[in-house]
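Colleague: Build me a structure from this.
(one chain, ligands or ions: 1)
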Amino acid sequence: MTQTIRWSRFPDADAVAGEAVQRILHAAQVAIDRRGVFRMVLAGGSTPQKAYRLLSGCDADWSRWHLYLGDERCLPVGDAERNSTMIASAWLDKGQIPPEQVHWIPAESDPGAAAQAYAAVVRDVLPFDLVLLGMGEDGHTASLFPGQQHDPGQLVVAVDNAPKPPARRISLNFAALNETRMLLVLVTGAGKCTAITDWRAGKALPVARLSCPAGIDVLLDNDAWCNQEEPPDAG
Ligand code: 6PG
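Modeller: Numbering: from 1, shown residues only. Next up is the predicted model:
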């Protein structure tokens, strides 16, 4: 089955963030109306920070939100390079979401044990309502990097040789990332051009292993889109 990917292009990173927030809030309302809870996986890295900052200024039924992470760097709690630190600083320190509903990856502990522990957390809540991801310049997503094989049956994996520092990370595997009702990928900046071109050309990148029955929505700015032909459903 070919995977539907909807490419939506926006003038800049701010517009990408604004659109992402609208889609997240809509997905949350639908999930809460239908099932009384919204379970979302958060992306790490720098791209989603703008969206997280915007969400910190929004109004929503936060008491129904449960947040998970797509990956975490194996660093001490509070380390400036941890994704949890970035997410807390950009959004969650605002205090809208009950702390017990933010399911951090325990990446400060033994990686193998952390991956097992988080797999148990994830297994109990699949499918997610929304998985938010970024993409690296090499086409990685979460902490799933080119040339690195993981047991496809594992929901969460320990990574010890990531080419993007730090080398040791905990990541949701495709078996978990793809168990979602909605999959949203944010890509901005000229540095992502080549990976976007390769992804569209069908190259076997990690990001190309994402799948979702409802289709994948990729929100890009002009810089990341670079000189591609106009996407069929330009945003
Ligand atoms: C991480 C992220 C990683 C990120 C991409 C894009 O921990 O680094 O999870 O997968 O999403 O590397 O990073 P930028 O958004 O900073 O370009």
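Colleague: Could you point out the longest helix of this protein?
Modeller: helix 13-35 (DSSP state H).
Colleague: what's in contact with it?
Modeller: Here helix 13-35 makes contact (Cβ atoms under 8 Å, 6 or more residues apart in numbering) with 8, 10, 37-40, 47-48, 50-51, 53-55, 58, 60-61, 64-65, 129-130, 132, 181-182, 184, 186-189, 217, 219-221, 235. In this view, the C-beta of every residue, glycine as well, is placed from N, C-alpha and C.
Colleague: What of stretch 98-111?
Modeller: Residues outside stretch 98-111 that contact it (Cβ under 8 Å, 6+ apart): 62-63, 65-69, 71-77, 82, 84, 92, 114, 117-118, 121, 156, 158, 160, 168-170.
Colleague: For the buried ones among those, write the corresponding PyMOL selection.
Modeller: The following PyMOL line selects those of the contacts of stretch 98-111 that are buried, judged by 16 or more other Cβ atoms under 10 Å:
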select buried, resi 62+65+66+67+68+69+71+72+73+74+75+82+84+92+114+117+118+156+158+168+169+170
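Colleague: Inside helices: which ones of the contacts of stretch 98-111?
Modeller: In this view, those that belong to helices under DSSP H are 84, 114, 117-118, 121.
Colleague: and which of the residues you listed is nearest to the ligand?
Modeller: Distances from those to the ligand were compared by Cβ to the nearest ligand atom; the smallest belongs to Ser84, at 10.5 Å.
Colleague: middle-most residue in the chain, spatially?
Modeller: Centrality entry for the chain: nearest residue to the mean C-alpha point is Leu133, 2.3 Å, by Cα atoms, centre = their mean.
Colleague: Report the beta-bridge partner residues of that residue.
Modeller: Going by DSSP bridges, Leu133 is paired in beta bridges with Val185.
Colleague: want to throw the ones in helices among the contacts of stretch 98-111 into CSV with pLDDT and distance to the ligand?
Modeller: As requested, these are arranged in CSV below (pLDDT from 0 to 100; distance: Cβ to the nearest ligand atom, whole Å):
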residue, pLDDT, distance to the ligand
Ser84, 98, 10
Ala114, 97, 15
Ala117, 98, 19
Tyr118, 98, 14
Val121, 98, 18
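Colleague: Please identify which of the residues you listed is nearest to Trp225.
Modeller: Nearest to Trp225, judged by Cβ to Cβ, of the ones in helices among the contacts of stretch 98-111 is Ser84 at 30.5 Å.
Colleague: and this protein, which of its residues are near the ligand?
Modeller: Residues of the chain found near the ligand, taking Cβ under 6 Å from any ligand atom as the criterion, are 43-47, 70-71, 73, 83, 134-136, 140-143, 164.
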